[in-house]
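*Asks:* build me a model from this:
(one chain, ligands or ions: 2)
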Amino acid sequence: MADVTVRAPAKINLHLEVLGLRPDGYHELAMVMQSIDLADTLVLRTTADAMIRLRSDNADLPSDGTNLIVRAAELLRSRVGLPELGVDITLHKRIPIGAGLAGGSSDGAAALVGLDALWGLALGSERLHGLAAELGSDMPFCLEGGTQLCFGRGERLEPVTAHGAPGQAVLLIKHPEASVSTPWAYGRCRDLRSDFYLDAEADFEQRRQALRQGPLVTALAGRGPLPHLRNDLQAVVEPEVASIRAGLDLLRRGPGALAVAMSGSGPSLFALHPDLATAEAARESLAEPLEALGFDAWCCRCGGSGVSLVTDGSAP
Ligand SMILES: C[C@@](CO)(OP(=O)(O)O)[C@H](O)COP(=O)(O)OP(=O)(O)OC[C@H]1O[C@@H](n2ccc(N)nc2=O)[C@H](O)[C@@H]1O
Ligand SMILES: Nc1ncnc2c1ncn2[C@@H]1O[C@H](COP(=O)(O)OP(=O)(O)O)[C@@H](O)[C@H]1O
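*Replies:* Numbering: from 1, shown residues only. Ligands and ions are numbered 1, 2, ... in the order given. Got it, this is the predicted structure:
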């Protein structure tokens with residue numbers, strides 16, 4: 001079979017609410033996640049030597065079994081019971097690593113979709129979703145993409161109508177030296193919350209319903225203004241990380257910002273803008289302080305899809 005090329009878009013969190021602690025040690029979440037058009041690309045070529053090989057253009061990234069692409073390939077191959085299947089994968093990395101943008105999870109999701117096509121497995125979305133959920137809490141979202149409510153660990157998805165969303169683009173910034181441990185952020189959030197042990201499913205469902213019917217989902221449907229964006233991990237990370245505080249202040253000063261927040265467990269920060277032009281104008285007007293503080297910046301469209309096979313032959 002010819003090479004298979006897959007796009008792996010990043011995500012931002014428009015809402016991240018930590019509801020409680022689950023018996024399995026993960027946190028019960030109520031989130032809204034949004035795909036953006038900052039993406040990695042994977043090119044997959046089948047081989048006859050039963051090896052799974054990965055090479056990438058980012059030297060900071062391991063290419064061994066700790067890479068989520070390799071882990072996804074190994075899991076898929078073992079679950080279908082075809083150990084003789086082999087693949088060479090080339091990763092063109094664009095999404096910053098460990099940034100709160102699910103770059104690793106999206107690459108893992110892209111590997112599942114790409115290998116399903118390359119090896120002609122035709123597993124269907126339910127089985128791919130199940131494998132993704134085993135590999136990471138936000139990997140199922142990366143498969144589906146668009147705008148989704150995410151519950152449970154983050155793997156239970158409910159699509160959100162976002163055709164009229166006021167925020168169609170983002171100015172995204174990240175400080176290259178900043179990093180945040182996801183487990184630390186969740187643990188800190190737990191320590192600082194008194195209402196944390198909502199271990200009653202009824203409480204969780206009440207909070208899910210409040211999100212489904214609340215001002216953010218209403219705004220995403222184009223029926224109201226964007227509310228303040230809630231991220232419970234930002235609330236604990238912002239006081240501890242000076243560059244995140246400085247970056248949020250900068251974005252809030254940018255012209256045309258509709259809302260500003262940290263994505264996921266950070267350290268990426270974003271300002272929602274009505275369109276790409278206003279995001280680029282804001283980046284232009286903040287160019288000097290962004291450079292002075294050492295921030296990298298991207299302007300991206302909010303996308304309507306997750307991982308997708310590239311069939312138009314466009315370059316990675
Ligand atoms: C924080 C979020 C918010 O969208 O994204 P990022 O900031 O990483 O992009 C996600 O919850 C990250 O998802 P993901 O990175 O797939 O998490 P996993 O690999 O499943 O878990 C990594 C670690 O995060 C913590 N974790 C994750 C999900 C969850 N519902 N509860 C947790 O406590 C656990 O400590 C776990 O060991
Ligand atoms: N293909 C990959 N791309 C990025 N990170 C990866 C990949 N495979 C494994 N990882 C590991 O996953 C962690 C970050 O995953 P990522 O999804 O990029 O973070 P975040 O969700 O915070 O943006 C890092 O520890 C990184 O080493």
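*Asks:* what residues does the protein put near ligand 2?
*Replies:* Proximity of the chain to ligand 2, by Cβ under 6 Å from any ligand atom, involves residues 61, 67-69, 97-105, 107, 264-265. Where C-beta positions appear, they are placed from N, C-alpha and C, glycine not excepted.
*Asks:* could you identify the buried members of these?
*Replies:* Among the residues of the chain next to ligand 2, those classed as buried by 16 or more other Cβ atoms under 10 Å are 61, 67-69, 98-105, 107, 264-265.
*Asks:* let's see which of those residues end up in helices.
*Replies:* 68-69, 103-105, 107 (DSSP state H).
*Asks:* out of those residues, flag the one nearest to ligand 1.
*Replies:* Of all these, ligand 1 sits closest to S105, with 4.9 Å by Cβ to the nearest ligand atom.
*Asks:* tell me who's in contact with the closest one.
*Replies:* Going by Cβ atoms under 8 Å, 6 or more residues apart in numbering, S105 touches 68, 135-136, 138-139, 141-142.
*Asks:* in helices only, show me these.
*Replies:* Among the contacts of S105, the members found in helices (DSSP H) are 68, 135, 139, 141-142.
*Asks:* can you give me the strands in this structure?
*Replies:* Secondary structure of the chain, counting by DSSP state E: strands at 4-21, 27-47, 52-56, 86-92, 147-152, 156-159, 169-174, 259-262, 269-273, 296-301, 308-309.
*Asks:* put together JSON lines for these, with distance to F204 and mean neighbour count on each row.
*Replies:* JSON lines is the format used below for the strands of the chain (distance: least, Cβ to Cβ, whole Å; neighbours: other Cβ atoms under 10 Å):
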{"stretch": "strand 4-21", "distance to F204": "5", "mean neighbour count": "25"}
{"stretch": "strand 27-47", "distance to F204": "6", "mean neighbour count": "22"}
{"stretch": "strand 52-56", "distance to F204": "38", "mean neighbour count": "17"}
{"stretch": "strand 86-92", "distance to F204": "37", "mean neighbour count": "20"}
{"stretch": "strand 147-152", "distance to F204": "8", "mean neighbour count": "22"}
{"stretch": "strand 156-159", "distance to F204": "11", "mean neighbour count": "14"}
{"stretch": "strand 169-174", "distance to F204": "29", "mean neighbour count": "26"}
{"stretch": "strand 259-262", "distance to F204": "22", "mean neighbour count": "24"}
{"stretch": "strand 269-273", "distance to F204": "27", "mean neighbour count": "29"}
{"stretch": "strand 296-301", "distance to F204": "32", "mean neighbour count": "18"}
{"stretch": "strand 308-309", "distance to F204": "32", "mean neighbour count": "15"}
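*Asks:* so which of the ones you listed is nearest ligand 1?
*Replies:* strand 27-47 (3.7 Å).
*Asks:* distance from that closest one to the middle of the chain?
*Replies:* Put simply, strand 27-47 sits 6 Å off its chain's centre (Cα atoms, centre = their mean, to the nearest Å).
*Asks:* and what of stretch 91-103?
*Replies:* Averaged C-alpha coordinates place stretch 91-103 at 9 Å from its chain's average position (Cα atoms, centre = their mean).
*Asks:* how long is it from one end to the other?
*Replies:* Length of stretch 91-103, first residue to last, Cα to Cα, to the nearest Å: 12 Å.
*Asks:* do that stretch and ligand 1 meet?
*Replies:* Yes: contact between stretch 91-103 and ligand 1, assessed by Cβ under 6 Å from any ligand atom, occurs at 100, 102.
*Asks:* same check, this time on stretch 123-143
*Replies:* Yes: shown here: stretch 123-143 in contact with ligand 1 (Cβ under 6 Å from any ligand atom) through 136-139.
*Asks:* ok, and for that stretch, which residues are buried?
*Replies:* Applying a neighbour-count criterion of 16+ other Cβ under 10 Å, the buried positions in stretch 123-143 are 123, 127-129, 131-133, 135-143.
*Asks:* ok, stretch 237-245 next?
*Replies:* Under the neighbour-count criterion of 16+ other Cβ under 10 Å, stretch 237-245 has 237-238, 241, 243-244 buried.
*Asks:* list the contacts of the residue of the chain at minimum distance from ligand 2.
*Replies:* Nearest to ligand 2 in the chain, going by Cβ to the nearest ligand atom, is G104, at a distance of 2.9 Å. Applying Cβ under 8 Å, 6+ apart to G104 gives the contacts 67-68, 97-98, 136.
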